[in-house]
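Predicted model and sequence follow; I will ask about them next.
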Amino acid sequence: MIGKALEVLNCADTESAKQRFLSFCHCQKWVERMVDARPFASEAALFDMADECWAECDEQDYLEAFKAHPRIGDRKALAEKLA
């Protein structure tokens, strides 16, 4: 049995799923792979695929993802991101 959040993610249209995944990791390559891998049979399957997709990323992909995170201690940027 899968949880409600996973069911919603599995059934979401492509653009909604992309936006949801971008909120977790701002790396286009990772997001595209995760959207294409749906539906996930379980949370464990989702986490395994997330790890697999991240392992296929290169340095540019990592930098893209890290750039979207506020700098440590930058409360203003964090507040803007969470607003």
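That came through fine.

what's the average pLDDT for the top helix by length along the chain?
In the chain, taking DSSP state H as the definition, the longest helix is helix 43-55. Per-residue pLDDT over helix 43-55 has a mean of 97.

what's that helix packed up against?
The helices and strands touching helix 43-55, judged by 3 or more Cβ pairs under 8 Å, 6 or more residues apart in numbering; DSSP states H and E, are helix 4-11, helix 28-37. No exception for glycine: its C-beta is placed from N, CA and C like everyone else's.

what do you get if the cut-off is 7 Å, keeping everything else the same?
Contacts defined by 3 or more Cβ pairs under 7 Å, 6 or more residues apart in numbering; DSSP states H and E place helix 43-55 against helix 28-37.

who's in contact with the helix it packs on?
Where contact means Cβ atoms under 7 Å, 6 or more residues apart in numbering, the residues beyond helix 28-37 that reach it are 14, 17-18, 21-22, 25, 49-50, 53-54, 57, 61, 64.

Adding neighbour count, write those residues out as TSV.
Formatted as TSV, the contacts of helix 28-37 follow (neighbours: other Cβ atoms under 10 Å):
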residue	neighbour count
14	11
17	19
18	16
21	23
22	16
25	21
49	16
50	18
53	21
54	17
57	17
61	17
64	16
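
residues contacting the residue most central in space within the chain?
By Cα atoms, centre = their mean, the chain has its centre lying nearest to residue 21, at 3.1 Å. Listed by Cβ under 7 Å, 6+ apart, the contact partners of residue 21 are 31, 34-35.

Would you reformat the contacts of helix 28-37 as JSON lines and include distance to residue 42?
Shown next, in JSON lines, are the contacts of helix 28-37 (distance: Cβ to Cβ, whole Å):
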{"residue": "14", "distance to residue 42": "21"}
{"residue": "17", "distance to residue 42": "17"}
{"residue": "18", "distance to residue 42": "21"}
{"residue": "21", "distance to residue 42": "17"}
{"residue": "22", "distance to residue 42": "22"}
{"residue": "25", "distance to residue 42": "20"}
{"residue": "49", "distance to residue 42": "11"}
{"residue": "50", "distance to residue 42": "13"}
{"residue": "53", "distance to residue 42": "17"}
{"residue": "54", "distance to residue 42": "19"}
{"residue": "57", "distance to residue 42": "23"}
{"residue": "61", "distance to residue 42": "26"}
{"residue": "64", "distance to residue 42": "28"}
